[in-house]
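Asker: Here is a sequence with its predicted model. Questions after.
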Protein chains: 2
Amino acid sequence: MDTLEIPVETVFAPRPALSAADEKLKVTQDLFIRRWGEMGATWGINRTMAEIHALLYIMGQPCCTDDVMERLNISRGNASMSLRGLCDWGIIRRLHKRGERREYFESLTDVWEIFSIIAAERKRREMDPVLETIRQCQVMLSEASLGKAAAKRDSVRLTRERLASMEEFMEVTNKIFQQFIGNAKSGLTRVVKVLLKAF
Amino acid sequence: MDTLEIPVETVFAPRPALSAADEKLKVTQDLFIRRWGEMGATWGINRTMAEIHALLYIMGQPCCTDDVMERLNISRGNASMSLRGLCDWGIIRRLHKRGERREYFESLTDVWEIFSIIAAERKRREMDPVLETIRQCQVMLSEASLGKAAAKRDSVRLTRERLASMEEFMEVTNKIFQQFIGNAKSGLTRVVKVLLKAF
DNA sequence: CGATTGTTTCAGTAACTACTGAAATAGGAG
DNA sequence: CTCCTATTTCAGTAGTTACTGAAACAATCG
């Protein structure tokens, strides 16, 4: 079997050498990016998307698709899909530079804002449906035990009770989320005050 | 090809017929269980584990491994592993009945307690490592820019700033978690008061 | 218009996670 | 000890999700 003889520097394209300080910066950023990615993975968002977000956040300056691909060593397709996903979430933004053809992306800078966007979305997707289901269950149980001694049987009573306390919990939690979401920009101080009034 | 002729009632073991009310109760519980499972899936815990927990919670009475297997239609192995997992989390308990050989399981009944256990674990597993990493990054950056003009270069400055605001955010969030975790049993009212003092 | 550059889509596949069913293990009763 | 029942472990596999690379598409320029 023949082997192609290609000069190494053709395959591994030469890069501008990094100064020691630049190298250290890069290593630091990479560490942050990796950890952030791991966290994202346990959070519904997938690892790569989280890493891209971390990259844009920590760089503090706009990057284009190729920057992201190169830095994180991922394919064009993956980069494109993930960037779009992050834009859909609203935690990064597309950015056109004057006279430039290619698109850049930058992360929101306000951490409170980033997290409140995520919180809002998670509430909508995860808590709201559960709360709705609990209410639906309560209605079903009422119907089931109408005009019966059944309403007093243990099994029904127990299920009723459990549904009720779960509902109470989720309602309170929902209120907290709502306040958090609506007030993120001003930090938590105000949220706490508002909450105190609510109880 | 031959077919085995097995009486239907041999394959599908006869079950005690359910009354209309019991049937309705079961359907209601199943609805809750399914939704809870879906939510769990987006929460790091897997669907089956979440469903088992939902079952034990909503039933309000201890079940054994076979009850769980039959009700959720899962294998013995799966049931065994998942029940153990839930015990490890601490949101269900093993329970021996006098004179009975087999083990029963029951869910904690206090919703606040259940969620504070989950919150504590998630904080430990997800937030703490990130906070630690951020601090580590800050140290690395300091070293990198010692005795250099580098400290003033944009890229380093930007990264520094980002790390700092993320750290601030996570510290506040951590405090909230801590309060929540420590005070779950008494509901949120107290937590809110404590928080107010803290800021 | 065609050439050039950048972006999106998507079929195929790699990597991973969850589940089953059977075998191994544990432990109480006789 | 053996027998019996309950539980755990685990190899193999089904099912799922994430990623690549190439092709299709879009947009700008000369």
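Answerer: Okay, I see it.
Asker: Is any residue of the biggest helix by length in chain A near chain B?
Answerer: Secondary structure of chain A per DSSP state H: the longest helix is helix A:154-183. Yes - in terms of Cβ under 8 Å from any Cβ of the partner chain, part of helix A:154-183 sits within range of chain B, namely A:154-156, A:158-159, A:161-163, A:165-166, A:168-169, A:172-173, A:176. Bear in mind the C-beta positions are built from the backbone N, C-alpha and C, glycine included.
Asker: Now, of those residues, which are buried?
Answerer: Those of those that meet the buried threshold are A:Ser155, A:Val156, A:Thr159, A:Arg162, A:Leu163, A:Met166, A:Phe169, A:Val172, A:Thr173, A:Ile176, by 16 or more other Cβ atoms under 10 Å in any protein chain shown.
Asker: out of those residues, which one sits closest to A:Gly44?
Answerer: A:Gly44 lies nearest to A:Thr173 out of those, by Cβ to Cβ, at 17.3 Å.
Asker: in chain A, what spans have low per-residue confidence?
Answerer: Along chain A, the parts satisfying pLDDT under 70 run over A:1-18, A:145-152, A:183-199.
Asker: can you pull out the helices in it?
Answerer: So, for chain A - with DSSP H - the helices run A:8-11, A:20-41, A:47-59, A:65-72, A:76-89, A:111-122, A:128-144, A:154-183, A:188-198.
Asker: Pipe these into CSV and attach distance to B:Val68 per row.
Answerer: Compiled in CSV, these are given as follows (distance: least, Cβ to Cβ, whole Å):
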stretch, distance to B:Val68
helix A:8-11, 56
helix A:20-41, 29
helix A:47-59, 32
helix A:65-72, 43
helix A:76-89, 37
helix A:111-122, 29
helix A:128-144, 20
helix A:154-183, 16
helix A:188-198, 38
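Asker: so which of the ones you listed is the most packed in?
Answerer: Compared across the helices of chain A, helix A:47-59 shows the largest average neighbour count, a mean of 23 (mean count of other Cβ atoms under 10 Å in any protein chain shown).
Asker: Could you confirm whether that one reaches DNA strand C?
Answerer: No - shown here: helix A:47-59 not in contact with DNA strand C (Cβ under 7 Å from any atom of the strand), separated by at least 9.5 Å.
Asker: does that helix come close to DNA strand D?
Answerer: Yes - judged by Cβ under 7 Å from any atom of the strand, helix A:47-59 comes into contact with DNA strand D at A:Arg47, A:Thr48.
Asker: Outside of that helix itself, list whatever touches it.
Answerer: With Cβ atoms under 8 Å, 6 or more residues apart in numbering or on different chains as the contact definition, helix A:47-59 has outside contacts at A:29, A:32-34, A:36-41, A:43, A:45, A:62-63, A:68, A:71-72, A:74, A:78-79, A:82-83, A:85-86, A:91-92, A:105-107, A:109, A:114, B:155, B:158-159, B:162-163, B:166.
Asker: Also near DNA strand D: which of the residues you listed, exactly?
Answerer: Answer for those near DNA strand D (Cβ under 7 Å from any atom of the strand): A:Ile74, A:Asn78, A:Ser82.
Asker: got a markdown table for those, with distance to B:Glu51 too?
Answerer: Listed next are these as a markdown table, based on distance: Cβ to Cβ, whole Å:
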| residue | distance to B:Glu51 |
| --- | --- |
| A:Ile74 | 35 |
| A:Asn78 | 32 |
| A:Ser82 | 31 |
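Asker: Identify, from the residues you listed, the entry nearest to chain B.
Answerer: A:Ser82 (18.4 Å; Cβ to the nearest Cβ).
Asker: residues in contact with the closest one?
Answerer: A:Asn46, A:Thr48, A:Met49, A:Ile52, A:Ile74.
Asker: Also A:Gly90?
Answerer: A:Gly90 touches A:Leu108, A:Ile117, counting by Cβ under 8 Å, 6+ apart.
Asker: give me phi/psi at it?
Answerer: phi 90, psi 10 (degrees, to the nearest 10).
Asker: I'd like to know how far it sits from chain B.
Answerer: 18 Å (Cβ to the nearest Cβ, to the nearest Å).
Asker: Residue ranges of each domain in chain A, please.
Answerer: If you go by automatic domain parsing, the domain ranges for chain A are A:18-109, A:112-198.
Asker: How about stretch A:94-110 and DNA strand C, any contact?
Answerer: Yes - applying Cβ under 7 Å from any atom of the strand, one finds stretch A:94-110 touching DNA strand C at A:Arg101, A:Arg102, A:Glu103.
Asker: ok, and which of these reach DNA strand D?
Answerer: Answer for those near DNA strand D (Cβ under 7 Å from any atom of the strand): A:Arg101.
Asker: Give me the buried subset of the residues of stretch A:94-110 next to DNA strand C.
Answerer: Here, 16+ other Cβ under 10 Å leaves nothing buried among those.
Asker: and the residues of stretch A:94-110 next to DNA strand C, which of them are in strands?
Answerer: Of the positions in the residues of stretch A:94-110 next to DNA strand C, A:Glu103 sit in strands, assigned by DSSP state E.
Asker: From the residues of stretch A:94-110 next to DNA strand C, pick the one nearest DNA strand D.
Answerer: Ranked by distance to DNA strand D (Cβ to the nearest atom of the strand), the residues of stretch A:94-110 next to DNA strand C are led by A:Arg101 at 5.6 Å.
Asker: Quick check: phi and psi at the closest one.
Answerer: The phi/psi pair for A:Arg101 (degrees, to the nearest 10) is phi -80, psi -40.
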